[in-house]
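> What follows is a protein structure lacking sequence information:
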């Protein structure tokens, strides 16, 4: 597992004895900082660095030495590493001490129980963020303040009722993260209105929710979802 040191902004790799870490959940835009960018001397001048920097600052202020960010902690040029990362991602989010969910399209100065901005945030419409909401014990939501800086807008605990209304996920699941007693159809319904950029990711983003593993074959299209269903049937007693 590759982690960013929040003090030095250097990348460290761990195989065993992984230290405590914070983790970021966010929606990708056109200017993300990738692993190859992060290793550049002038990375701080590149588009996308600000998000990484803000996340590191937040984690450091919370006394976390390390943070994991998907954009720059996975070598997406390595198919083997990408396979391992996506099959491990649910566990990585679950094992994080805290997940910082950054909603770039929400102001931190609004009343979130009434705010249409929070309820209609892009974050709640993306496929990958479903597991990033359910798996972590603690999720803290951040938006932008008037100065454009990250500012906390609530937690999964404090906003549980609103999140349940937005997502259709039962409050008990948001509280415990336990989905084992939830039917396949219900879990599928949570993802039904969510979208991914690549059609295959509609399946790959649900592997953790159903506790299954399978190889990824980008280019297989809708066959990925068929394979997901086959893997689910192998391990499920749900009729």
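That came through, no problem. What you see is a predicted model, and the numbers here were worked out from it, not measured in a lab. Numbering: from 1, shown residues only.
> for this structure, which helix is longest?
Identified as the longest helix of the chain according to DSSP state H is helix 79-95.
> so what does that one touch, helix or strand wise?
Applying 3 or more CB pairs under 8 Å, 6 or more residues apart in numbering; DSSP states H and E, one finds that helix 79-95 contacts strand 22-25, helix 129-134. For the C-beta atoms, the positions are set from N, CA and C on the backbone; glycine is no exception.
> Try it again at 10 Å.
strand 22-25, strand 66-68, helix 70-73, helix 129-134, helix 201-204 (3 or more CB pairs under 10 Å, 6 or more residues apart in numbering; DSSP states H and E).
> so after that helix, what's the next helix or strand?
Sequence-wise, the next helix or strand downstream of helix 79-95 (DSSP states H and E) is strand 98-107.
> residues of that next one that come out buried?
Residues of strand 98-107 classed as buried: 98-103, 106-107 (neighbour count, 16 or more other CB atoms under 10 Å).
> Report the distance from it to the chain centre.
Offset of strand 98-107 from its chain centre (CA atoms, centre = their mean, to the nearest Å): 11 Å.
> Likewise for stretch 21-41?
13 Å.
> average pLDDT across it?
Across stretch 21-41, pLDDT averages out at 86.
> mind listing what's buried in it?
Buried, per 16+ other CB under 10 Å, within stretch 21-41: 21-27, 32-33, 35, 37-38.
> of all those residues, which comes closest to residue 131?
Relative to residue 131, the closest of the buried residues of stretch 21-41 is residue 25; by CB to CB it sits at 9.3 Å.
> ok, for that closest one, nearest residue in space, not its chain neighbours?
Closest residue to residue 25 apart from its sequence neighbours, by CB to CB, 6 or more residues apart in numbering: residue 132 at 3.9 Å.
> Ok, residue 201 next?
Leaving aside its sequence neighbours, residue 201 sits nearest to residue 127 (CB to CB, 6+ apart; 5.8 Å).
> burial measure for that neighbour, as a count.
19 (other CB atoms under 10 Å).
> Quick check: it touching residue 207?
No: if you go by CB atoms under 10 Å, residue 127 and residue 207 don't touch, sitting 11.4 Å apart.
> can you map out the strands along the chain?
2-5, 11-13, 22-25, 66-68, 98-107, 139-144, 150-155 (DSSP state E).
> mind showing which ranges of this structure have poor pLDDT?
41, 110-114, 239 (pLDDT under 70).
> 80 instead?
In the predicted model of the chain, residues 30, 38-45, 47, 108-115, 146-148, 237-239 satisfy pLDDT under 80.
> the domain parsing of it - what is it?
Domains of the chain are assigned by automatic domain parsing as 2-178, 179-239.
> Deepest-packed of those, please.
domain 2-178 (a mean of 17; mean count of other CB atoms under 10 Å).
> Tell me how far that domain lies from the chain's centre.
6 Å.
> Make residue 1 into 59 and carry on from there
Right, with 59 as the first residue, what we last looked at is domain 60-236.
> Go through the buried residues of strand 156-165 and say which is closest to residue 110.
For the buried residues of strand 156-165, the nearest to residue 110 is residue 160 (10.8 Å; CB to CB).
> could you measure the residue lying closest to residue 126 once chain neighbours are set aside against residue 252, distance?
In space, and not counting its chain neighbours, residue 126 is closest to residue 81: 4.7 Å by CB to CB, 6+ apart. Here the criterion is CB to CB, to the nearest Å. By it, residue 81 lies 19 Å from residue 252.
> Quick check: residue 124 touching residue 82?
No: taking CB under 10 Å as the definition, residue 124 is not a contact partner of residue 82, at 11.8 Å.
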